[in-house]
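**Q** Take this sequence and fold it.
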Amino acid sequence: MLLKITKLSKLGIIIEAILVGILSGIIVILFNWCISNLFSFNQSFLSQIPLIAKIFVFPIITCLAGLIVGILVFKVAPETKGSGIPFVKLALMRLGKRIRIRSMFIKFAAGVIGIGSGFSLGREGPSVQLGAGCGAVISRLFKKNGTKQHNLITAGAASAIGATFNAPVAGTIFAVEELTRKFSVSTLFTVLIATVSAVTVSRHFVGENPSFFIPELQNLPKISLESLVVFIVLGIIVGVFGVLFAKTIFLNQKVFDKIKVPNYIKPAIAGFVIGIVGVFLPYVLGSGNIFISQLFQYKFTLSLIAIIFAVKFLVTPLCFSSGAAGGIFFPVLMLGSFLGYIVGSISNVIGIEINLVTISIVGMGAFLAAVARTPITAIVMVFELTGDYHHILPVMLSIAVADLVAQLFGHEPIYSTLILKQSQNTKEKETLCELKVVDAMDKNVVNVTLKTKISEIPNLMKQTKYNVLPILNDNNVVAGSISKAEIDDYIFSNKNTDDSIENIMNPEPVTVNQKENLYKALFVLHTNEILDVIVVDDTNKLAGILCRKQIVFEDRFSDIIV
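**A** This is a model prediction of the structure:
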């Protein structure tokens, strides 16, 4: 009897996941179709009028489009602001407002109007939010909640990425690496079924072609030691520019925050600017997928490529920070491909032969890894976009280097950072933001030094109610941490416990500053999936420990759909 119930339960999950994938696939296809047709119509119309008239007409069009988008977003559904990925992450972590069905309609309309008119934004972020909405619809239809609801929403978001890029594996990994940041068999099972369903629907209507037209990579020069050095250099350069790109976004957000006009006017300001720029350089308009394909077909001169890169690098943060509904995923891929082409061209000039299409593709993945800090997704997506596995070494090498450079600069994953900047105000958030970590933390912490022997840790663990112990150096600075699980695993598998804890501790512990508010602390706890976090002062000296249970707030996040 129990086996029969289990089989019926699995069958129900399969049916629900298939429905999520089908619905997500259809909506994403329609969304992309509307954007492409509006963009093509807009550009076709502008091509038929004189340049003098275009200088006046196009900025008016994009300004009006921005105004409409601003009204839809800020007046009707504020959660549709920006990419959509941070909001989905907030909903899945139960830290934000609930996913409303109306947000799907607003995100769809605002995304089509904004990106279709020429805003330098990507369609993948809105697609993720639309897909998550599909998961919310199905979970509501079948009256699911808790983990099952969480899985369906995650599956909807993942299937949307898969359908957008015709990349089912990348969509699945993106969900695990970026949205949930944890591995669960039940989640993966649901995500896989939904993603396969969505991509199947997408391929039925639009074919199996990848997002970009990529020439066949045949008769390429062999990967030499010199060329590997070029890919390492590419990773370093892309890593630096990726961090600068993220900082440019945050700078633009501060600028828009200081502009004393209603929020719904701000997308119109960005629209007016992109309209003026687009008259003289139309290659920076829209998501950029069209121009990536043109780059792979060698349709741009090197000087034009450099100009397009520089302008796209500036106008994308401007459009995104205005609050318009659109993402940065596609523009990031465009920036990476163009930067890779530039580096490859310079390499060829100095005598190191590099295929420009190959290095452009590698640059695409490296830039994504540097900005989003999702290296595995970037690697898999490059392979799925190209269908070529012959250049796995340079792809993995550049992406790893770019991600490392971004980490060395202290750059956090951009979607996680945007959560704190873009999350909507709720009573819970306002309350937590008013309280500081120093007011809630426990200052009575068991002291462990670098010289403490491993054999002493179990007894010290018994003296504390927390799951982690901070490891201090002689100056009381936090040098590492050790958890109960880590010490238990070590003692179980090793007989030698006379070594100092320094040899097995985590040298990069999760910490939070005592001056931070409890909302930020709760976000850190959720993101790292820990129960306790070490609290430090401005000099990284130990101040205390904060437990998740010490953050008391109303339990109003158990149901995340309306």
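
**Q** Hmm, V137 is touching R100, no?
**A** No. The criterion here is CB atoms under 8 Å, and V137 misses it with R100 at 10.9 Å. The way it works is simple: take the backbone N, C-alpha and C, and place the C-beta from them, glycine included.

**Q** Over to K515: give its phi and psi.
**A** phi -80, psi -10 (degrees, to the nearest 10).

**Q** how far away is it from G278?
**A** K515 sits 43 Å away from G278, going by CB to CB, to the nearest Å.

**Q** okay, the two: which has more neighbours?
**A** Counted by other CB atoms under 10 Å, K515 and G278 do not tie: G278 has more neighbours, with 28 against 13.

**Q** dump the residue contacts of the nearest residue to that one once chain neighbours are set aside.
**A** Nearest non-adjacent residue to G278, counting by CB to CB, 6 or more residues apart in numbering: L285, 4.7 Å away. Contacts for L285 were tallied using CB atoms under 8 Å, 6 or more residues apart in numbering; they are F39, Q43, G118, F119, S120, I274, G278.

**Q** if you set the cut-off to 7 Å instead, what comes out?
**A** For L285, the contacting residues are G118, S120, G278, by CB atoms under 7 Å, 6 or more residues apart in numbering.

**Q** in which helix or strand would I find the residue nearest the centre of the chain?
**A** In the chain, the centroid-proximal residue (CA atoms, centre = their mean) is Y415; its distance is 4.3 Å. For Y415, the element it lies in under DSSP states H and E is helix 414-422.

**Q** Count residues in the vicinity of the nearest residue to N503 once chain neighbours are set aside, would you?
**A** For N503, ignoring the flanking residues on the chain, the nearest one in space by CB to CB, 6+ apart is I454 at 7.8 Å. I454 has 21 neighbours, counted by other CB under 10 Å.

**Q** list the contacts for I454?
**A** Listed by CB under 7 Å, 6+ apart, the contact set of I454 reads Y490, T497, D499, I501, I504.

**Q** Same question for V524.
**A** Applying CB under 7 Å, 6+ apart to V524 gives the contacts V510, V512, V533.

**Q** Just send these back as a markdown table, with distance to L435 and neighbour count too.
**A** Formatted as a markdown table, these follow (distance: CB to CB, whole Å; neighbours: other CB atoms under 10 Å):
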| residue | distance to L435 | neighbour count |
| --- | --- | --- |
| V510 | 20 | 16 |
| V512 | 13 | 22 |
| V533 | 15 | 25 |
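
**Q** Strands - which of those residues land there?
**A** V512, V533 (DSSP state E).

**Q** Same list, the contacts of V524, but as TSV with pLDDT and distance to I265 please.
**A** Putting these into TSV (pLDDT from 0 to 100; distance: CB to CB, whole Å) gives the following:
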residue	pLDDT	distance to I265
V510	84	40
V512	88	36
V533	87	40
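
**Q** Identify, from the contacts of V524, the entry nearest to C63.
**A** Within the contacts of V524, proximity to C63 (CB to CB) peaks at V512, which comes in at 42.2 Å.

**Q** show me where the stretch 1-150 of the chain has strands.
**A** Here the stretch 1-150 of the chain has no strands by DSSP state E, counting those that start in this stretch.

**Q** follow-up on the earlier one: just the closest of the contacts of I454 to A109, please.
**A** For the contacts of I454, the minimum distance to A109 (CB to CB) is 54.6 Å, reached by I504.

**Q** What values do phi and psi take at the closest residue to the closest one other than its chain neighbours?
**A** Among residues not flanking I504 along the chain, Y490 sits closest, at 5.6 Å (CB to CB, 6+ apart). When read as degrees, to the nearest 10, the backbone of Y490 gives phi -70, psi -50.

**Q** Can we start the residue count at 26 from this point?
**A** Understood, numbering begins at 26; the last thing we discussed is Y515.

**Q** Report the rounded mean pLDDT for stretch 335-351.
**A** Stretch 335-351 shows a mean pLDDT of 94.

**Q** now do stretch 381-400
**A** In this model, stretch 381-400 has an average pLDDT of 91.

**Q** wait, doesn't I51 sit right on T225?
**A** No. In this structure, I51 is not within contact of T225 by CB atoms under 7 Å, at 11.4 Å.

**Q** So what touches stretch 365-373?
**A** 255, 258-259, 262, 320, 327, 330-331, 334, 379, 381, 384-385, 387-389.

**Q** Take the residues you listed and, keeping just the buried ones, write it as a ChimeraX select command.
**A** Command for ChimeraX, covering only those of the contacts of stretch 365-373 found buried under the criterion 16 or more other CB atoms under 10 Å:
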select :255,258,259,262,320,330,331,334,379,381,384,385,387,388,389
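
**Q** and the contacts of stretch 365-373, which two are the farthest apart?
**A** Maximum pairwise distance among the contacts of stretch 365-373 (CB to CB): 19.9 Å, between V258 and L320.

**Q** Mean pLDDT per helix and strand in the protein: which one sits at the bottom?
**A** Counting by mean pLDDT, DSSP states H and E, the weakest-scoring helix or strand in the chain turns out to be helix 452-459, with a mean of 70.

**Q** Show me what the helix or strand following that one is packed up against.
**A** Per DSSP H and E, the first helix or strand lying C-terminal to helix 452-459 is helix 462-465. Helices and strands touching helix 462-465, by 3 or more CB pairs under 7 Å, 6 or more residues apart in numbering; DSSP states H and E, are helix 543-553.

**Q** State the mean pLDDT of the helix it packs on.
**A** Averaged across helix 543-553, the pLDDT comes to 77.

**Q** buried sites along that helix?
**A** Across helix 543-553, burial judged by 16+ other CB under 10 Å covers L543, Y544, K545, A546, L547, F548, V549, L550, H551, T552.

**Q** Among these, which one lies nearest to A192?
**A** The closest of the buried residues of helix 543-553, once distances to A192 are taken by CB to CB, is T552, at 25.1 Å.

**Q** next SSE after the helix or strand A391 falls within?
**A** Element membership for A391 (DSSP H and E) is helix 381-397. Using DSSP H and E, the next helix or strand after helix 381-397 towards the C-terminus is helix 400-411.

**Q** In stretch 313-325, which residues are buried?
**A** G313, N314, I315, F316, I317, S318, L320, F321, F325.

**Q** Point out the ones among these that are inside strands.
**A** Assigned to strands by DSSP E, none of those qualify.

**Q** In helices, which of those fall?
**A** Among these, the members falling in helices (DSSP state H) are N314, I315, F316, I317, S318, L320, F321.

**Q** I'd guessed the first one sits against F355; true?
**A** Going back to what we said before, that points to N314. Yes. At 5.8 Å, N314 counts as touching F355 under the criterion of CB under 7 Å.

**Q** picking up where we left off before, what is the nearest of the contacts of stretch 365-373 to G348?
**A** Closest to G348 out of the contacts of stretch 365-373 is F334 (24.9 Å), distances taken as CB to CB.

**Q** Does anything pack onto the helix or strand hosting that closest one? Which helices or strands?
**A** Assigned by DSSP H and E, F334 belongs to helix 327-346. Helix 327-346 sits against helix 250-283, helix 291-305, helix 354-374, with contacts defined as 3+ CB pairs under 7 Å, 6+ apart.

**Q** Tell me where the model's unsure across the stretch 376-525 of the chain.
**A** 411-415, 445-454, 518-522 (pLDDT under 70).

**Q** try 80 this time
**A** Applying pLDDT under 80 to the stretch 376-525 of the chain flags residues 408-417, 441-442, 444-459, 472, 479-480, 487-488, 490, 509-525.
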